[in-house]
Structure formats: C-alpha cells, structure tokens
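In: Test case, fold it:
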Amino acid sequence: MPGLVSLLLLSAPVLAAEPATQDKAAVEAEFQRNLEAFEKNMDRSQPIPCGNPPMRRPERISGEDLQFDPWRLAQLDENETHYLLTCTFKLDGTVTDCRILKPALSLDASNRETLKQWRFKPAIYKDKPIATTCTLSGKLTPRPEN
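Out: From the prediction side, this is the model:
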C-alpha cells in the first residue's frame with residue numbers, strides 16, 4: 001500500500017498539469033474551416049430539422065387546405081381549433097411522411113390525397129435550397145357534407 005501511495009503522489013503533478021493551451025483564435029478558425037467543408041459537401045436532399053441551423057422555412061405555393069370529418073371534429077375539445085402537422089419537405093417542393101401531432105386525429109385518405117397535391121418553395125439555408133422536416137399549423141376545418 002505505501003508503494004501505491006508513493007506512486008500516486010509522484011504522478012499527482014503530472015495529472016494536475018493543464019494540457020497545452022492552444023490559441024483560441026486558431027481553434028475557432030479551424031472549427032470554421034471544418035464547418036464550411038461540411039456545408040460544401042453536405043447532401044441537401046437529406047432532410048435536416050427545421051430551424052437548426054437557421055433557415056428560411058418552406059412556403060406553400062399550391063394545394064387545398066386540409067378538411068376533416070365533422071363528426072371527428074365534434075369529438076374534440078372546444079379549445080382545439082388548430083392542428084400541428086409535421087412533414088418532410090423535399091427539394092422538388094413535395095411533402096412526405098406527414099403526421100398530425102395535435103389533436104389526436106389521423107390523416108384519412110382524403111387528406112393524404114390533398115397532401116400529395118401540396119407544393120412548397122423549399123427551405124433555404126445559406127442561399128441554397130435544402131430538404132427539411134418542419135411542423136406546420138392549420139385551422140381545423142370541417143369537410144363539407146355531400
């Protein structure tokens with residue numbers, strides 16, 4: 001045991017020593033170069049989360065609003081007047097992988113067809129289009145009865 005204590009005491013100054021400090025500006029410059037190289041080589045068709053990094057969000061340019069079964073809407077709380085929908089927005093302006101986050105409704109066949117008709121200006125990151133996954137909101141509108 002005394003040998004172990006001696007070994008720890010002898011190595012203590014080495015363990016406590018600070019690592020060699022680098023110039024902060026050099027570290028930041030290297031980080032910036034790595035970030036620029038990543039952005040130059042990134043696949044813009046692979047969606048990234050909306051808002052990370054800051055970007056201009058996708059903007060709907062065509063397509064009808066979603067409409068829901070009036071009976072289903074009658075089942076909701078009276079305070080639920082809007083939906084939250086998350087979708088992946090592709091570079092060609094189409095949306096895929098849509099699902100409703102709020103309220104507890106599902107996308108019926110009619111709304112899935114409506115989503116296929118939606119077209120968007122793609123999100124813009126550093127002046128170039130990029131695929132993204134974003135959340136949209138909309139008014140819960142009842143479908144007209146035939």
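In: C-alpha from now on. contacts and neighbour counts both.
Out: OK.
In: any idea which helix or strand comes after the longest helix along the chain?
Out: Across the chain, the longest stretch assigned as helix under DSSP state H is helix 24-41. Proceeding C-terminally, helix 24-41 gives way to strand 48-49 as the next helix or strand, assigned by DSSP states H and E.
In: Leaving out sequence neighbours, find the closest residue to the most centrally placed residue in the chain.
Out: What sits nearest the mean C-alpha location of the chain, by CA atoms, centre = their mean, is Pro49, with 1.6 Å. In space, and not counting its chain neighbours, Pro49 is closest to Thr133: 5.0 Å by CA to CA, 6 or more residues apart in numbering.
In: surely the residue nearest to the centre of the chain meets Thr135?
Out: No. When contacts are counted by CA atoms under 8 Å, Pro49 is not listed as touching Thr135 (9.5 Å).
In: Find me whatever residue is spatially closest to Asn111, sequence neighbours aside.
Out: Leu66 (5.9 Å).
In: Tell me, what's the model's pLDDT at that neighbour?
Out: Listed pLDDT for Leu66 reads 90.
In: Checking my notes, it in a strand, right?
Out: No. Read with DSSP: H, G, I helix; E, B strand; the rest coil, Leu66 is coil and lies in no strand.
In: Quick one: neighbours of it, just the number.
Out: 19 (other CA atoms under 10 Å).
In: if I read this right, it contacts Pro144, doesn't it?
Out: No. Look at Leu66 against Pro144 with CA under 8 Å: they stay out of range, at 11.6 Å.
In: coming back round to it: for the longest helix of the chain, what is the average pLDDT?
Out: The average pLDDT within helix 24-41 is 76.
In: about what we covered before: how much space separates the residue nearest to Pro49 from Asp43?
Out: As judged by CA to CA, to the nearest Å, Thr133 and Asp43 stand 15 Å apart.
In: can you check Ala109 too?
Out: 32 Å.
In: What is the neighbour count of Ala131?
Out: 25.
In: Would you list the phi and psi of Gln117?
Out: phi -90, psi -20 (degrees, to the nearest 10).
In: Contact partners for the closest residue to it other than its chain neighbours?
Out: Distance criterion CA to CA, 6+ apart; nearest residue to Gln117, sequence neighbours excluded, is Gly63 at 5.5 Å. Gly63 makes contact with Thr114, Leu115, Gln117, Trp118, Arg119, according to CA atoms under 8 Å, 6 or more residues apart in numbering.
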